[in-house]
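Enquirer: sequence? don't have it. structure:
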């Protein structure tokens, strides 16, 4: 179930999103779109009132994370596939941009850079990878002590933060590709 609340805490709207419940949610910067991903192997783009605008999938595995670019023009879907691609990038209207096979064991987390031109993703293989929208690998951020569960670009796009189950958080420079 997805629930949208008013600023005062009152429930504005709720709706059934996925047959097995949403695993991940992203809200567009303009506040009028929600992207949800679920164990039902689908991602759904909604308007803020719960109307389904576009369904993506079903994929070969559950959707572990979803992201919307800060300009609200693109989406990214991170999948834990049984085969095939594990990152799907599309325009907000659903037009595909790229389908990437980047990890051997699926995506835990992903995000867009502030300019919307890169995607950063982390996985159980203990690394994070950044890609441009064409699917070209920009950088691999070294092996950590555990699965990468959280990733974020700095607002200026010069650093990335990778987190690993409370065991380790590392801030990386995109310029030097070293831990800061």
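Expert: Ah, there it is. Values in this document were obtained by computation on a predicted structure and should not be read as measured data.
Enquirer: And residue 22, its phi and psi?
Expert: When read as degrees, to the nearest 10, the backbone of residue 22 gives phi -70, psi 140.
Enquirer: Which residue, neighbours along the chain excluded, lies closest to it?
Expert: Of all residues not flanking residue 22 in the chain, residue 36 sits nearest, at 4.3 Å (C-beta to C-beta, 6 or more residues apart in numbering). Where C-beta positions appear, they are placed from N, C-alpha and C, glycine not excepted.
Enquirer: Next: residue 175.
Expert: Residue 175 sits nearest to residue 158 (C-beta to C-beta, 6+ apart), 6.4 Å away.
Enquirer: State the number of residues packed around the one you found.
Expert: A count of nearby residues for residue 158, using other C-beta atoms under 10 Å, gives 14.
Enquirer: okay, it: pLDDT?
Expert: pLDDT recorded at residue 158 is 90.
Enquirer: swap in residue 85?
Expert: 68.
Enquirer: Pass me the low-pLDDT residue ranges in this structure, would you?
Expert: Applying pLDDT under 70 to the chain picks out residues 83-85, 166-167.
Enquirer: mind checking the SS state of residue 46?
Expert: strand (DSSP: H, G, I helix; E, B strand; the rest coil).
Enquirer: so who does it touch?
Expert: If a contact means C-beta atoms under 8 Å, 6 or more residues apart in numbering, then residue 46 has 2, 15, 17, 33-36, 52-53 as its contacts.
Enquirer: switch to 10 Å and redo it
Expert: Shown in contact with residue 46 (C-beta atoms under 10 Å, 6 or more residues apart in numbering): 2, 4, 13, 15, 17, 25, 32-36, 52-54.
Enquirer: show me what contacts the residue nearest to residue 175?
Expert: Counted by C-beta under 10 Å, 6+ apart, residue 158 has contacts 113, 172-176, 180.
Enquirer: same thing but 7 Å
Expert: 173-175 (C-beta atoms under 7 Å, 6 or more residues apart in numbering).
Enquirer: From those residues, pick the one nearest residue 130.
Expert: residue 174 (7.5 Å; C-beta to C-beta).
Enquirer: Quick check, that closest one in contact with residue 159.
Expert: Yes - Residue 174 lies in contact with residue 159 (C-beta atoms under 7 Å); the separation is 6.4 Å.
Enquirer: Fine, thanks again, bye for now.
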